[in-house]
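In: Need a 3D model of the sequence below.
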Amino acid sequence: MEEKAPEPEMTPPEGVPPPPEGTVPPPPPEAAPPMPPEGEAPPLEKPKKRVVKKRPSYQLKLFERWDVADVTIHDKGLERYINISPIVLPHTGGRHANKPFAKSRTNIVERIINNMMRNEAYTGKKSKAIKVVRQAFELIEEQTKKNPVQVLVEALEKAAPREEITRLRFGGISVPRAVDIAPGRRLDLAVRNICAGAVGAAFKSGAGKKALEKQRGYEPISQFLANEILAASRGEMTSAAISRKDELERVASSAR
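Out: Numbers count the residues shown, from 1 in each chain. Okay, here's the model as predicted:
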């Protein structure tokens, strides 16, 4: 075995009394950093780089298929009320129900889905109504090669009436008067008329067309909803929403 060399004893500097026996001597003082020569500024310390963890970003697409970031609204009156915020599944569970003016916070696609539950086949069946609207959007994309959300926004802008009549009583006489429609009510009427027109057209159709759409894997009413949205986006009179809008404005113009 090799013997270890004895450690050298620490001797205190001159003028400092030795520490009493049984005590641990303090550690020697650290050497001070060298001072820069006169006339020169001390070197600047480089700031430490702060590492920021990047959060993963997810692109929210409607039904994981259509991007709503490029959808534009041309009607400035309806811009505040048509909600096209990014969402994957348009279902909020009645979060904005029973609150005044809270419809504007609901996605416009969800409002279409809610209005499609109008007959006994779809009342309270939200998942079935979502399937119908998704299939209608697929048919719109096949026919127009455009974003179906943009087509829906154009249909709502053209189907929203601007005037209607109200009844004013003068003594015992009721007189109709033309009034402007608020933007929120304009959108409500457009959504209602588009969905009601699709449901009404489905009940008037023949069984052969329904069977053909069923063979393709689509719900029968999805074809009629797609046709109604396409006709309304073009401003055609074959759309029930456009014809209803023209009727309201014609009656209002006669009551001015």
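In: what bits of the stretch 51-200 of the chain have low per-residue confidence?
Out: Within the stretch 51-200 of the chain, the stretches with pLDDT under 70 are 51-58.
In: Return the residues in contact with residue 90.
Out: 62, 107, 109-110, 113, 130 (CB atoms under 8 Å, 6 or more residues apart in numbering). No exception for glycine: its C-beta is placed from N, CA and C like everyone else's.
In: That one in helix, strand or coil?
Out: Put simply, residue 90 is coil when judged by DSSP: H, G, I helix; E, B strand; the rest coil.
In: That one and residue 108, how far apart?
Out: From residue 90 over to residue 108 the distance is 9 Å, taken as CB to CB, to the nearest Å.
In: Next: residue 176.
Out: Distance of residue 176 to residue 108, given as CB to CB: 32 Å.
In: And those two? Which one has more around it.
Out: residue 108 (25 against 15; other CB atoms under 10 Å).
In: Spit out the contact partners of the more buried one.
Out: Residues near residue 108 by CB under 8 Å, 6+ apart: 82-84, 152-153, 156, 191.
In: Tell me the one among those nearest to residue 102.
Out: The closest of the contacts of residue 108 to residue 102 turns out to be residue 83 (CB to CB; 10.6 Å).
In: Isn't that closest one up against residue 105?
Out: Yes. Residue 83 is in contact with residue 105 according to CB atoms under 8 Å; the separation is 6.3 Å.
In: Those two - which one has more neighbours?
Out: residue 83 (19 against 13).
In: For the more buried one, give me its contacts.
Out: 104-108.
In: how about the contacts of residue 90 in CSV, adding secondary structure, neighbour count and distance to residue 204?
Out: Shown next, in CSV, are these (DSSP: H, G, I helix; E, B strand; the rest coil; neighbours: other CB atoms under 10 Å; distance: CB to CB, whole Å):
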residue, secondary structure, neighbour count, distance to residue 204
62, strand, 22, 30
107, strand, 21, 30
109, helix, 25, 26
110, helix, 20, 27
113, helix, 23, 23
130, helix, 18, 24
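In: Using CSV, lay out those residues together with distance to residue 242.
Out: As requested, these are exported to CSV (distance: CB to CB, whole Å):
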residue, distance to residue 242
62, 25
107, 24
109, 21
110, 23
113, 22
130, 26
